[in-house]
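Novice: just need the structure, nothing else, for what follows:
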Amino acid sequence: MGESGNVPPGVDPTVPSAARMYDYGLGGKDNFEIDRQIGDQMRAKFPQLSDLARGNRNCLIRCVEYLARDRGIKRFLDIGSGLPTQENVHQVIQRVHPDARTVYVDSDPTARVHALALLDGDPRTSFIQADAADPAAILNHPDTQELLSAGEPVAVLWFAVAHFLPDSADPRGAIARLMAAVPSGSVLALSHVTSDGIDPDVDRGFRDGGFYDRVPTPLVMRTEKQVAALFGGLPIVGGRLVEVGEWGRTDAGAPRTGTKPLRALFGYAVKP
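Specialist: Residues are numbered from 1 along each chain as shown. All right, here's what the predicted structure looks like:
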């Protein structure tokens, strides 16, 4: 990607995309020059961003493996799935349950083009182009209705997406509506960057660097309390959020203390 002849319909290659910048941060190739420019500028100022992106992705993989293997979940709804990369959700799940059903959701047209190419010929995996803040569009889609029709527990994944939704988009309400539609035993798994415990100059640096103004979906840092509130009262397993780089790792050490340049938190909850 990156040449004008390879631009998917509906995509403006001069406007940066959070999905493509995330892909670039993970070492992917599905991005444009504008995504690489801003990504490089952000990493020059905040070199921990790539580690945070990889830590979030690894947490997602560990979470999906756990939910499939240990909780026996076979139906996954991945909100804000982004661009396909290595170890995609449906691939991880199908190693445990070959008959597992996965529905990806993302608003980025680039994600749609690449997801459809990746999923061609896989009848148990589909992609919906919809906004994470529009639960009605997601729930009313035939693929989601089919996912829910069996009445089996569903894992609803919100990895690194709610922090691109301002409070005005009501991410808590969107999550609550989706969780109201899934059966008992379903799981909400969520990761989110936090302003707690980080260098106080980081958020100011993002703003002063003009990064918020140049990206259509700017990062919204929330406190740990605000991130926990996104669960809408569902009890977080373990009683608290944890670092994305620590959850599910057998080699994880004692909880880290002190200020860090950037932090992302993870938690999951089971619907009664």
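Novice: part of a helix, is Lys29?
Specialist: No - read with DSSP: H, G, I helix; E, B strand; the rest coil, Lys29 is coil and lies in no helix.
Novice: quick one: it from His114, how far?
Specialist: Separation of Lys29 from His114 (C-beta to C-beta, to the nearest Å): 10 Å. (Glycine included, C-beta is placed from N, CA and C.)
Novice: ditto for Asp108
Specialist: Asp108 is 10 Å from His114, by C-beta to C-beta.
Novice: shared neighbours of these two, anything?
Specialist: Leu83 (C-beta atoms under 8 Å, 6 or more residues apart in numbering).
Novice: would you map the helices across the stretch 101-250 of the chain?
Specialist: 109-119, 135-139, 142-149, 171-181, 201-208, 211-214, 224-229 (DSSP state H, counting those that start in this stretch).
Novice: Serialize these to TSV and add fields for distance to Ile61 and mean neighbour count.
Specialist: Formatted as TSV, the helices of the stretch 101-250 of the chain follow (distance: least, C-beta to C-beta, whole Å; neighbours: other C-beta atoms under 10 Å):
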stretch	distance to Ile61	mean neighbour count
helix 109-119	16	19
helix 135-139	23	18
helix 142-149	21	15
helix 171-181	22	18
helix 201-208	26	14
helix 211-214	27	14
helix 224-229	21	17
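Novice: hey, least reliable of those by pLDDT?
Specialist: Within the helices of the stretch 101-250 of the chain, confidence is poorest for helix 211-214, with a mean of 55 (mean pLDDT).
Novice: close enough to count as contact, His141 and Phe127?
Specialist: No - using C-beta atoms under 8 Å, His141 makes no contact with Phe127, being 10.3 Å away.
Novice: neighbour count winner among those two?
Specialist: Phe127 (22 against 17; other C-beta atoms under 10 Å).
Novice: isn't the more buried one up against Tyr104?
Specialist: Yes - taking contacts as C-beta under 8 Å, Phe127 lies within contact range of Tyr104: 4.6 Å.
Novice: identify the contacts common to these two.
Specialist: 81, 111, 115.
Novice: check Asp99 and give its pLDDT.
Specialist: Model confidence at Asp99 (pLDDT) stands at 95.
Novice: how many neighbouring residues does it have?
Specialist: 8.
Novice: redo the helices of the stretch 101-250 of the chain as a markdown table? Include distance to Leu49.
Specialist: Converted to a markdown table, those look like this (distance: least, C-beta to C-beta, whole Å):
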| stretch | distance to Leu49 |
| --- | --- |
| helix 109-119 | 20 |
| helix 135-139 | 28 |
| helix 142-149 | 32 |
| helix 171-181 | 21 |
| helix 201-208 | 10 |
| helix 211-214 | 11 |
| helix 224-229 | 19 |
